[in-house]
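Participant: Kindly return the folded structure for what I paste below:
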Amino acid sequence: MNFPYDMLDDPGLLAEYQGWDETVYADFLALQRGELTEAQFDRRYRRTRAILVLDMTGFTATAMNTGELASLLRIFDAQKVCLPVLTRAGASFVRCFADNLVALFDRPDPAADAALEIQRRIALFNATPLASADPARCCIGIGFGPVYAIGPNLAQGDEMNRASKLGEDIARGGEVLLTEKAAAALRARSDLRIEPQSVDDAQFSFFRLLASA
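Facilitator: This next block holds a predicted model:
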């Protein structure tokens, strides 16, 4: 049975909506038509990455209570503190959008180090007169594993989804949370503490990352 409505299947037109680029759309179409195998698609786009997803607390509340400009200045302050840490840690990709930030690393170790350093510097910044009266705190999730290097964040897949869930929905201000795969990759480090966590609505296991005392 044919689908009775129009569908957009032109890679160039699809790419104008900025979901994926034209080449990716063309390869998805080729995959569906049997012109490209899953193995071939994976070879083109599958990469192993450590993914750091950062969200900032209080964005909506600040916009409502203090004003839109005040909420944007909180984001600006947090970016000024966070971005130098990520670049010096060797992030291969960094993207800021709204009050979120995504950074990719080849390994989980620099992602973990960067996350802990970000939390330390944000706390120091918030204690100075430079911070606003309602300063931003950061919630961070870290995943590690194979993802597809497509889309605006160059990482789509299960570990990206989990890192995003941890950073955006589960972590509290000042926390760094790890997926199970990220925790396993970091467990041998004696300078880190990795503590199992749980919440009622979590769909997967996750861990809290702390620096060893």
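Participant: Every contact and neighbour count from this point should use C-alpha atoms.
Facilitator: Fine.
Participant: Quick one: residues in contact with the lengthiest helix in the chain.
Facilitator: The longest helix of the chain (DSSP state H) is helix 68-88. The contact list for helix 68-88 (Cα atoms under 8 Å, 6 or more residues apart in numbering) reads 56, 59-60, 62-63, 94, 98-99, 103, 114, 117-118, 121-122, 125, 131-132, 135-136.
Participant: Would you mind listing where the chain has pLDDT under the threshold?
Facilitator: 1, 59, 63 (pLDDT under 70).
Participant: hey, where'd the strands end up in it?
Facilitator: For the chain, the strands defined by DSSP state E cover 46-56, 93-97, 100-105, 138-148, 176-179, 192-197, 206-211.
Participant: The third one pairs with which strands, and in what direction?
Facilitator: Based on DSSP bridges, the pairing partners of strand 100-105 within the sheet are strand 46-56 (antiparallel), strand 93-97 (antiparallel).
Participant: Now the residue nearest the centre of the chain. Nearest residue, chain neighbours left out?
Facilitator: Closest to where the C-alpha atoms of the chain average out (Cα atoms, centre = their mean) is residue 53, at 2.5 Å. Spatial nearest neighbour of residue 53, chain neighbours left out: residue 102 (4.7 Å); criterion: Cα to Cα, 6 or more residues apart in numbering.
Participant: got the contact list for the one you found?
Facilitator: Applying Cα under 8 Å, 6+ apart, we find residue 102 in contact with 51-54, 93-96, 153.
Participant: cool, and residue 160?
Facilitator: If a contact means Cα under 8 Å, 6+ apart, then residue 160 has 51, 143, 147 as its contacts.
Participant: same question, residue 131
Facilitator: Residue 131 makes contacts with 77, 125, as judged by Cα under 8 Å, 6+ apart.
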